[in-house]
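> When you get a sec, could you give me coordinates for this:
(4 chains)
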Protein chains: 4
Amino acid sequence: MDIKSVQNRLRAFAQEREWEQFHSPKNLATALAVEAAELLEPFQWLKDEESRQLAQNPSDYARVEEEIADVMIYLLRLADQLEIDLDRVVEEKIRKNGEKYPVALAKGNAVKYNRRDS
Amino acid sequence: MDIKSVQNRLRAFAQEREWEQFHSPKNLATALAVEAAELLEPFQWLKDEESRQLAQNPSDYARVEEEIADVMIYLLRLADQLEIDLDRVVEEKIRKNGEKYPVALAKGNAVKYNRRDS
Amino acid sequence: MDIKSVQNRLRAFAQEREWEQFHSPKNLATALAVEAAELLEPFQWLKDEESRQLAQNPSDYARVEEEIADVMIYLLRLADQLEIDLDRVVEEKIRKNGEKYPVALAKGNAVKYNRRDS
Amino acid sequence: MDIKSVQNRLRAFAQEREWEQFHSPKNLATALAVEAAELLEPFQWLKDEESRQLAQNPSDYARVEEEIADVMIYLLRLADQLEIDLDRVVEEKIRKNGEKYPVALAKGNAVKYNRRDS
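Purely as a prediction, here's the structure:
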């Protein structure tokens, strides 16, 4: 994905509709959280294993595809409005996670690093 | 961003730590929603205008950068586990939004299309 | 719980601190969603069965107690600011749910009523 | 509100429908977060002041009433399943907040106590 190019198209989309007035970082972060919850909704009563077989339910699968797109679009808009470079912050976070969860300690253990001794 | 390549690195990261057992689509969608709320948290008491000046508060800005990365990472993982092509679904959603919100009707109006008459 | 009396104390608490300016319904709904996600966080990697044994993990249990209180407090504040009678809306919703999910159709089936045929 | 009595009715409602299998604390916390986001949704593009006038929009107001009820119902169910006494944890939290945010320091300042020096 050419992040910058998609962001430019989304910004033009908002500007043409005079939506920039609504697209404050606060409102975009709110919309993102709302969409993330809509993405979670089809999973709420599923067992773990059922969620791994979501493709067997075409209507839920299609809905999840759409919600994933909504989350991505608001994330791109928010990063654009805040002038945050998505590539850079993802790379930094992957590096940090590598330090925080060394293989030897994290193996088979989802407990967060900072609670490892508790 | 080379989405596929980052997804492959994130998958390897999870596999090395034997985290695939935790990374069901249900759990990843949950983690994504939790991170989206953490991203929203620094904005919760801000006025709209203050949120546009977030860069003036370096510690909140750094936190938002990190939370944006977390949301992106779980979104990439979730799409990967469900074999959903992020580029494709984003393109489809942008096209749909163009049909749903024609400029003439949507200008300066954040109301959702399906409530335009209400 | 004497809902009105707790709401009055919470309102006085906010007024003494001159927090009413921050406690718009929009901001309170945001804070509520943020707290609900914090309440979800300790459950995110747990298996269903593990979540039923949460009391065996005293630190997570204590945290969940506190997050439940936070959610309740923001819910009381929000209902108070919007002059919504919590008792009344809960009673109405229980009645509606009884109509929407008749025992004969809903038994053992978490699927929402409006998707029952899909 | 007689919390215990409403909880007993909600538990009977779930048991009659054989929904206890779905109502693990994890799933209830998920449903609660999803409902909290649905409650947030009508506010997402509103200005602060508009959100204080929500009653002027009867359809949004009715929707918010219903979402507030949904959040409350899942909160009651979750507390019941975890055997957490809502009255007690709310009282404890109000007391803690009084210590954390003394009037002299918190006046007109929404910044969290633990960031007061930053």
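> next SSE after the longest helix anywhere in chain A?
Selection of the longest helix in chain A by residue count, based on DSSP state H, yields helix A:58-81. Following helix A:58-81 in sequence order, the next helix or strand is helix A:86-100 (DSSP states H and E).
> sec struct for the residue of chain A found nearest chain D, please.
Here the residue of chain A nearest chain D is A:Ala37; by CB to the nearest CB that distance is 3.1 Å. Using the backbone N, CA and C atoms, a C-beta is placed for each residue, glycine as well. Classification of A:Ala37 by DSSP: H, G, I helix; E, B strand; the rest coil places it in helix.
> pull the helix or strand with minimum mean pLDDT from chain A.
In chain A, the helix or strand scored least confidently by mean pLDDT, DSSP states H and E is helix A:103-106, which has a mean of 88.
> touching chain B at all, that helix?
Yes: counting by CB under 8 Å from any CB of the partner chain, chain B has neighbours in helix A:103-106: A:Val103, A:Ala106.
> For chain A, what lies in contact range of chain D?
Residues of chain A lying close to chain D by CB under 8 Å from any CB are A:22, A:27, A:30-31, A:33-34, A:36-38, A:40-41, A:43-45.
> what's the domain layout of chain A?
Using automatic domain parsing, the domain parsing of chain A gives A:3-84, A:85-118.
> List the buried residues for the shortest one?
By neighbour count on 16 or more other CB atoms under 10 Å in any protein chain shown, the buried set for domain A:85-118 is A:Leu86, A:Val89, A:Val90, A:Lys93, A:Asn97, A:Tyr101, A:Ala106, A:Ala110.
> residues contacting the closest residue to the second one other than its chain neighbours?
Among residues not flanking A:Val89 along the chain, B:Ala69 sits closest, at 4.1 Å (CB to CB, 6 or more residues apart in numbering or on different chains). B:Ala69 makes contact with A:Leu86, A:Val89, A:Val90, A:Glu92, A:Lys93 under the criterion CB atoms under 8 Å, 6 or more residues apart in numbering or on different chains.
> Quick check: the closest residue to the residue of chain A closest to chain D other than its chain neighbours vs B:Glu18, distance?
Excluding the flanking residues, the one nearest A:Ala37 by CB to CB, 6+ apart is D:Ala37, at 3.1 Å. D:Ala37 sits 32 Å away from B:Glu18, taking CB to CB, to the nearest Å as the criterion.
> The two: which is more packed in?
D:Ala37 (29 against 14; other CB atoms under 10 Å in any protein chain shown).
> wait, doesn't that one sit right on A:Ala33?
Yes: contact criterion CB atoms under 8 Å: D:Ala37 and A:Ala33 qualify, at 6.2 Å.
> still on that earlier bit, I'd like the domains of chain A laid out as JSON lines, including distance to D:Ala12.
Below are the domains of chain A laid out as JSON lines (distance: least, CB to CB, whole Å):
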{"stretch": "domain A:3-84", "distance to D:Ala12": "19"}
{"stretch": "domain A:85-118", "distance to D:Ala12": "35"}
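> Which of those sits closest to B:Pro58?
Nearest of the domains of chain A to B:Pro58, taken as CB to CB: domain A:3-84 at 12.8 Å.
> quick one: average confidence on the closest one?
Averaging pLDDT along domain A:3-84 gives 97.
> Between the two ends of that domain, what distance do you get?
12 Å (CA to CA, to the nearest Å).
> what's the offset of that domain from the middle of its chain?
Taking CA atoms, centre = their mean, to the nearest Å, one finds domain A:3-84 lying 7 Å from the centre of the chain it belongs to.
> And for A:Phe43, the neighbour number?
Neighbours of A:Phe43 (other CB under 10 Å): 25.
> For it, give its distance to A:Ala69.
Taking CB to CB, one finds A:Phe43 at 17 Å from A:Ala69.
> Surely the residue of chain A closest to chain D and D:Leu32 touch.
No: in this structure, A:Ala37 is not within contact of D:Leu32 by CB under 8 Å, at 10.5 Å.
> Quick one: end-to-end length of stretch A:40-49, please.
15 Å.
> cool, stretch A:81-92 as well?
End-to-end distance for stretch A:81-92: 20 Å, by CA to CA.
> which residues are contacting that stretch?
Stretch A:81-92 is contacted from outside by A:3, A:23-25, A:28, A:75-76, A:78-79, B:1, B:6, B:52, B:54-55, B:61, B:64-66, B:68-69, B:72-73, using CB under 8 Å, 6+ apart.
> how deep is A:Ala31 tucked in, by neighbour count?
The number of residues packed near A:Ala31 is 25, by other CB under 10 Å.
> I'd guessed it sits against A:Tyr74; true?
Yes: the pair A:Ala31 / A:Tyr74 is scored as a contact, 5.0 Å apart, by CB under 8 Å.
> Which positions in chain A make contact with chain C?
Residues of chain A lying near chain C (CB under 8 Å from any CB): A:Thr30, A:Ala33, A:Ala37, A:Trp45, A:Lys47, A:Asp48, A:Ser59, A:Ala110, A:Val111, A:Ser118.
> hang on, isn't the fifth one packed against C:Lys47?
In other words, A:Lys47. No: using CB under 8 Å, A:Lys47 is not in contact with C:Lys47; the gap is 9.4 Å.
> any idea of the angle whatever helix or strand A:Ala29 lives in forms with helix B:58-81?
Per DSSP H and E: A:Ala29 is located in helix A:25-40. Relative orientation of helix A:25-40 with respect to helix B:58-81: 30 degrees, computed using axes from the mean of the first three to the mean of the last three CA atoms, to 10 degrees.
> Show me what helix A:25-40 is packed against.
If contacts are counted by 3 or more CB pairs under 8 Å, 6 or more residues apart in numbering or on different chains; DSSP states H and E, helix A:25-40 sits against helix A:58-81, helix B:25-40, helix B:48-52, helix B:58-81, helix C:25-40, helix D:25-40.
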